[in-house]
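Visitor: okay, sequence plus prediction incoming.
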Amino acid sequence: MEYRRFENVIIARIDRGEEILSKIKEIALKEDIKLANINALGATDHFVIGVYNVDEQKYYSNEFKGAYEIVSLTGSINTMNGEFYSHLHMSAGDDKGSVVGGHLNSATVSATCEMFIYLIDGCVDRFKDEVTGLNLFKF
């Protein structure tokens, strides 16, 4: 991975074999990011995405292997209890044009991942919401 910071924007290249979420965390900790928006695209050959069932308060994960284009990877970096927290969703398409998507649990880059991290001046923490079971924004 390599990245460069341009004032309030970080442009990163995540390389073949690297896991995307771990690289986002590495950048966030090095740059002391408390609040940011992420947009990315690229390619992956192994990823796990999930869907949350609010009634059960449980994630259901699906694992995919093979050649996939990352059509969209979007989300946020912020904090929970003052510590690093990220929330990302990803959509990826296969060689037939079928697209799957959901909450990103992990993704390994197969070729490259081009990422833009837009830094926001401020901090928004999270709290565990007992009704939904989710970690929601705390203003």
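Guide: Arrived safely, thanks for sending. Just so it is clear, the structure is predicted and the values come from calculations on it, not from any experiment. Numbers count the residues shown, from 1 in each chain.
Visitor: residues touching the residue nearest the centre of the chain, list them.
Guide: Centroid-nearest residue in the chain: Leu88, 3.3 Å away (criterion: Cα atoms, centre = their mean). Counting by Cβ atoms under 8 Å, 6 or more residues apart in numbering, Leu88 makes contact with Leu21, Ile24, Ile38, Leu73, Thr74, Gly75, Ser76, His103, Leu104. C-beta here means a position set from N, CA and C on the backbone, and glycine is covered the same way.
Visitor: of those, which is the nearest to Val124?
Guide: Ser76 (8.5 Å; Cβ to Cβ).
Visitor: average pLDDT for the lengthiest strand in the chain?
Guide: Ranked by residue count, the top strand of the chain under DSSP state E comes out as strand 58-80. Summarised as a single mean, pLDDT over strand 58-80 is 98.
Visitor: again, but for stretch 4-11
Guide: The pLDDT scores in stretch 4-11 average 98.
Visitor: from the contact counts, what lies against the longest strand of the chain?
Guide: If contacts are counted by 3 or more Cβ pairs under 8 Å, 6 or more residues apart in numbering; DSSP states H and E, strand 58-80 sits against helix 20-31, strand 36-53, strand 83-93, strand 99-119, strand 125-128.
Visitor: beta partners of the residue nearest to the centre of the chain?
Guide: Under the criterion DSSP bridges, Leu88 forms beta bridges with Gly75.
Visitor: can you check the one 4 residues further on too?
Guide: Judged by DSSP bridges, the bridge partners of Ala92 are Ile70, Val100.
Visitor: wait, isn't it in contact with Ser98?
Guide: No. Look at Ala92 against Ser98 with Cβ atoms under 8 Å: they stay out of range, at 9.6 Å.
Visitor: Ala111 versus Gln57, what's the distance?
Guide: Per Cβ to Cβ, to the nearest Å, Gln57 is found 36 Å from Ala111.
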